[in-house]
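1. Turn this into a structure:
(one chain, ligands or ions: 3)
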Amino acid sequence: MLVGLPKEIKDNEYRVGLTPGAVKMLVARGHRVLVETGAGEGSFIPDQEYRSVGAQIVEHAHDAWAAQLVVKVKEPLSAEYPYLRKDMLLFTYLHLASNEPLTKALLTSGVTAIAYETVQTHSGQLPLLMPMSEVAGRMSTQVGAAILQRPQGGRGVLMGGVPGVAPADVTILGGGTVGANAARIAIGMGAQVTILDVSHHRLAYFDDLYNGRIQTRKSNPSTIEEAVCQADLVIGAVLIPGGKAPWLVTRPMLSSMRKGTVIVDVAVDQGGCVETTKPTTHSQPTYEIDGIVHYCVANMPGAVPRTSTFALVNQTTDYVLLLADQGVDALVNNPELQSGLNIYRGQVAHPGVATAFGLAYTSPEQVF
Ligand SMILES: NC(=O)C1=CN([C@@H]2O[C@H](COP(=O)(O)OP(=O)(O)OC[C@H]3O[C@@H](n4cnc5c(N)ncnc54)[C@H](O)[C@@H]3O)[C@@H](O)[C@H]2O)C=CC1
Ligand SMILES: CC(=O)C(=O)O
Ligand SMILES: [Mg+2]
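-> Ligands and ions are numbered 1, 2, ... in the order given. Down below sits the predicted model:
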């Protein structure tokens, strides 16, 4: 199969969808790989490294997009919509439930679009979201600690405090992969940490792991309000797989929160779990509403590409090989890949996306 690797064009997005190691595996199985020149530069992977494992370097984005299987990191931006075609398999993060224009563009084009973030294992894990959630979770605390500094707009609270003065209060909404990784760094920095989740299983896990070093709360409107009103840093980390995130922090709650509190809404790519969240970029990462500083960058791991590219491709490669070897049949044969199917030839094939926009849902069983 002809596999294309375009260069990412999102603001400060330095990741790339395939490493030379992954390309080498594709080439060894008889596939041709077209790499847009400079695609790896952001991750300090020169064209020559791809060439040396058998890739063909192409000059223009449209050459890489001409492939049958296009592997990316981020969702197509509007400048990329004209490349979408009926006979194309697109494998990348999509986050469609918060992006109606992209959903429409994918539907109109007839492309088959498989979203990394909804690929799901038998046991319910999200193996292609997990590596970037690990990165974004750890980053969320780092970033939050920096913004808490007064010159960045925050409350001027040091994460670990100092002897005689209390540490920062870090409240984490959602104790999945992002939440667990955020907590790990916050604890390492000496903060006081509270995690809220609807899953008792997750709360019990944290309780066991940290043996009293962390507070756990069952997530409901009252516990959320109480926790965010005493927080210095709130980290939004909930997920309804494939669906729009629920608004756990409402606009009226902001006025009860302490001035200079920082919200890092990692869940922004699914619409955010804070009513006042709107996507920001690494160039302009924050804005303030009612004295509360919001950080809502939708591609956080893009800022640490030497970690993120390799962490992501470690997980995606097996699925890329399946798609390259089998084409659409891989979606029929492999239930994990099938759960990643969001759009198939003009039909919405994921219930979360259909619900988000009131569109008809066609199940993969009906599609194939
Ligand atoms: N901004 C960025 O750059 C990145 C964003 N993300 C996003 O971060 C979000 C979280 O991802 P993961 O941690 O991997 O998901 P996950 O599925 O591992 O964890 C989500 C957690 O939220 C909990 N939850 C659901 N509803 C809740 C509620 N009402 N209150 C409290 N907890 C609730 C679930 O029980 C689960 O434990 C996703 O939206 C993901 O797309 C992930 C990576 C990068
Ligand atoms: C998960 C995601 O959206 C990202 O890594 O950018
Ligand atoms: Mg994202």
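
2. residue ranges with poor pLDDT in the stretch 1-150 of the chain?
-> Of all residues in the stretch 1-150 of the chain, none has pLDDT under 70.

3. Show me what from it comes close to ligand 1.
-> Contact residues (C-beta under 6 Å from any ligand atom) of the stretch 1-150 of the chain with ligand 1: 117, 129, 132, 133, 136. Just so you know, the C-beta spots here come from the backbone N, C-alpha and C atoms, and that holds for glycine as well.

4. Which pair in those has the greatest spatial separation?
-> Distance extremes for those: the farthest pair is 117 and 136 at 11.9 Å, using C-beta to C-beta.

5. ok, the two, which is more surrounded?
-> residue 136 (30 against 24; other C-beta atoms under 10 Å).

6. Give me the phi and psi for that one.
-> Dihedral angles of residue 136 (phi, psi; degrees, to the nearest 10) stand at phi -60, psi -40.

7. Tell me who's in contact with it.
-> 178, 181, 266, 300, 301 (C-beta atoms under 8 Å, 6 or more residues apart in numbering).

8. swap in residue 130?
-> Contacts of residue 130 by C-beta under 8 Å, 6+ apart are 177, 315.

9. give me the residue from the stretch 151-300 of the chain nearest ligand 2.
-> Across the stretch 151-300 of the chain, no residue is closer to ligand 2 than residue 299, which sits at 4.0 Å (C-beta to the nearest ligand atom).

10. The nearest residue to that residue once chain neighbours are set aside: how many residues sit nearby?
-> Leaving out its chain neighbours, the residue that sits closest to residue 299 by C-beta to C-beta, 6 or more residues apart in numbering is residue 13, at 5.3 Å. Counted with other C-beta under 10 Å, the neighbours of residue 13 add up to 23.

11. swap in residue 86?
-> For residue 86, the tally of surrounding residues (other C-beta under 10 Å) stands at 10.

12. Isn't it up against residue 106?
-> No. In this structure, residue 86 is not within contact of residue 106 by C-beta atoms under 8 Å, at 11.1 Å.

13. Does the helix or strand in which residue 193 is found reach ligand 1?
-> Using DSSP states H and E, residue 193 sits in strand 192-197. Yes. Against ligand 1, strand 192-197 shows contacts by C-beta under 6 Å from any ligand atom at 196, 197.

14. what's across from residue 69 in the sheet?
-> Assessed by DSSP bridges, residue 69 has beta-bridge partners residue 3, residue 89.

15. got the contact list for it?
-> Per C-beta under 8 Å, 6+ apart, neighbours of residue 69: 1, 2, 3, 4, 88, 89, 91, 320, 323, 324, 327.

16. Thanks a lot, catch you later.
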